[in-house]
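Q: Sequence plus the predicted model coming up.
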Amino acid sequence: MNLIKGYDPNTLRELVDQQECQERLAEIENQRSLPVLLERVWLLKVLDRLDEALDLAEETVRQARMAGTRKDLLRARVLHGTVLQNRGAHAAAAQELATCANEAEGQEWLGIAAFAYQHHGKNAYEAGEFDEARDSFKQSLFLRRSAGADDTDLEKALRAIEAAERRSAAEPSVLV
């Protein structure tokens with residue numbers, strides 16, 4: 001089930017049907033597997049229930065650390081970083097997402113690295129760091145291509161690059 005209906009052109013955040021997300025959250029709320037916990041964190045995040053999302057994200061990271069694989073832990077940490085971003089903690093999110101991207105890239109887990117770079121770019125974009133956002137989106141695109149991603153995923157990265165370039169060009173340059 002794909003609950004993402006599109007992306008906001010100004011924030012690059014996911015656009016979802018709130019009712020569908022509420023229904024899905026109710027459907028899985030008592031399940032405890034790691035994939036379901038990750039989904040619950042995401043649902044809470046897009047429903048703007050950020051305190052609950054943060055608490056569950058931290059629990060999910062702990063569970064992944066204790067019982068999951070290193071890939072599971074990276075996925076949980078990336079999601080935790082996106083919750084931090086939505087809460088406005090851009091510096092903490094940037095650090096978490098950059099660390100995850102670098103670790104995944106070092107392990108040659110291209111899909112996870114691309115995912116982390118994409119979210120690192122979204123965080124930078126939201127923080128007004130459009131050049132940094134563009135660089136992260138470009139790295140995500142490169143990794144997605146290397147991993148053989150489908151056209152839909154490549155298109156998301158290209159749109160994000162274009163958005164960052166537009167915003168960067170629209171910002172007045174500051175001379176030092």
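A: Yep, it's here. Residues are numbered from 1 along each chain as shown.
Q: all contacts plus neighbour counts: C-alpha atoms, from now on.
A: Will do.
Q: Tell me, how many residues neighbour M66?
A: When counting by other Cα atoms under 10 Å, one arrives at 10 neighbours for M66.
Q: now it: how far from A76?
A: Between M66 and A76 the computed distance is 12 Å (Cα to Cα, to the nearest Å).
Q: for A93, same thing?
A: Distance from A93 to A76, by Cα to Cα: 13 Å.
Q: for K45, same thing?
A: Going from K45 to A76 by Cα to Cα gives 13 Å.
Q: neighbour-wise, which of these two wins?
A: Between K45 and A76, A76 has the larger neighbour count (other Cα under 10 Å), namely 28 against 23.
Q: so who does the closest residue to that one other than its chain neighbours touch?
A: Of all residues not flanking A76 in the chain, V61 sits nearest, at 5.3 Å (Cα to Cα, 6 or more residues apart in numbering). Each residue near V61 by Cα atoms under 8 Å, 6 or more residues apart in numbering is listed here: L73, A76, R77, H80.
Q: of all these, which comes closest to N86?
A: N86 has its nearest neighbour among those in H80, at 10.0 Å by Cα to Cα.
Q: gap between that closest one and H119?
A: 11 Å.
Q: Next: L38.
A: 15 Å.
Q: These two: which has the busier surroundings?
A: When neighbours are counted by other Cα under 10 Å, L38 and H119 differ, and H119 comes out ahead with 28 against 22.
Q: Might you report the residue contacts of the residue sitting nearest the centre point of the chain?
A: Most central in the chain under Cα atoms, centre = their mean is H119, positioned 3.6 Å from the mean C-alpha point. Counting by Cα under 8 Å, 6+ apart, H119 touches V78, T82, L97.
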